[in-house]
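S.K.: Pasting the sequence and the predicted model now:
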Amino acid sequence: MRRAIEGCAKIDLTTPTVFEHPYFKKVDIIMSSLCIEVVSTSESHYSQIIGKLKKYLRPKGYMYLIGVLGQTFYMVEEQRLPCFQVT
Ligand SMILES: C[S@@+](CC[C@H](N)C(=O)[O-])C[C@H]1O[C@@H](n2cnc3c(N)ncnc32)[C@H](O)[C@@H]1O
C-alpha cells in the first residue's frame with residue numbers, strides 16, 4: 001500500500017480554489033476521517049465539499065467517510081472546537 005502513495009499535500013478545505021491545484025487527479029478512493037464536518041458550516045456547505053471531492057473519483061471509485069453521528073464538537077486538549085452535526 002505504501003508504494004501506491006504518490007505523495008501528501010497539506011490542504012485547506014475552506015479555500016475555494018483548493019482542488020484546482022495540479023496536484024489533484026482522479027483516484028479510486030477518497031477517504032476523510034472527521035475532517036469535512038469540522039470545516040462545514042451547514043448541510044449545503046458539507047454537500048458542496050463532497051461534490052467537489054467527487055470530481056476526483058474515478059468511475060466506480062469509493063468515498064470512504066468516517067464520522068461520528070450527532071457530534072457537535074470535539075476536544076483538542078482543553079479546547080472545545082465546533083463541528084457540523086452529521087446525522
Ligand atoms: C477531529 S480532527 C480529525 C483528525 C483525524 N483525521 C482523525 O480522524 O483522527 C479534524 C481535522 O481536521 C483538520 N482541519 C481543520 N480545519 C481544516 C481545514 N480548513 N482544511 C482541512 N483540514 C482541516 C484538522 O487539522 C484536524 O486534523
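M.R.: Thanks, I have it.
S.K.: rest of the way, CA atoms for contacts and neighbours
M.R.: Will do.
S.K.: On the three-state scheme, residue 30 is what?
M.R.: Recorded secondary structure, residue 30: strand (DSSP: H, G, I helix; E, B strand; the rest coil).
S.K.: so who does it touch?
M.R.: Residue 30 makes contacts with 53, 57, 62-64, as judged by Cα atoms under 8 Å, 6 or more residues apart in numbering.
S.K.: any idea how far the ligand is from residue 56?
M.R.: Noted for residue 56: a distance of 16 Å to the ligand, by Cα to the nearest ligand atom, to the nearest Å.
S.K.: swap that for residue 47, sorry
M.R.: 15 Å.
S.K.: Identify each buried residue in the helix or strand hosting that residue, please.
M.R.: Taking DSSP states H and E as the definition, one finds residue 47 inside helix 43-54. Neighbour counts over helix 43-54 (16 or more other Cα atoms under 10 Å) mark 46, 49, 53-54 as buried.
S.K.: Closest one to the ligand out of the residues you listed, please.
M.R.: The ligand has its nearest neighbour among the buried residues of helix 43-54 in residue 49, at 10.7 Å by Cα to the nearest ligand atom.
S.K.: Tell me, how many residues neighbour the closest residue to that closest one other than its chain neighbours?
M.R.: Closest residue to residue 49 apart from its sequence neighbours, by Cα to Cα, 6 or more residues apart in numbering: residue 36 at 7.4 Å. Taking other Cα atoms under 10 Å as the criterion, the count of residues near residue 36 is 22.
S.K.: contacting residues for residue 36?
M.R.: 13, 46, 49 are the contacts of residue 36 under Cα under 8 Å, 6+ apart.
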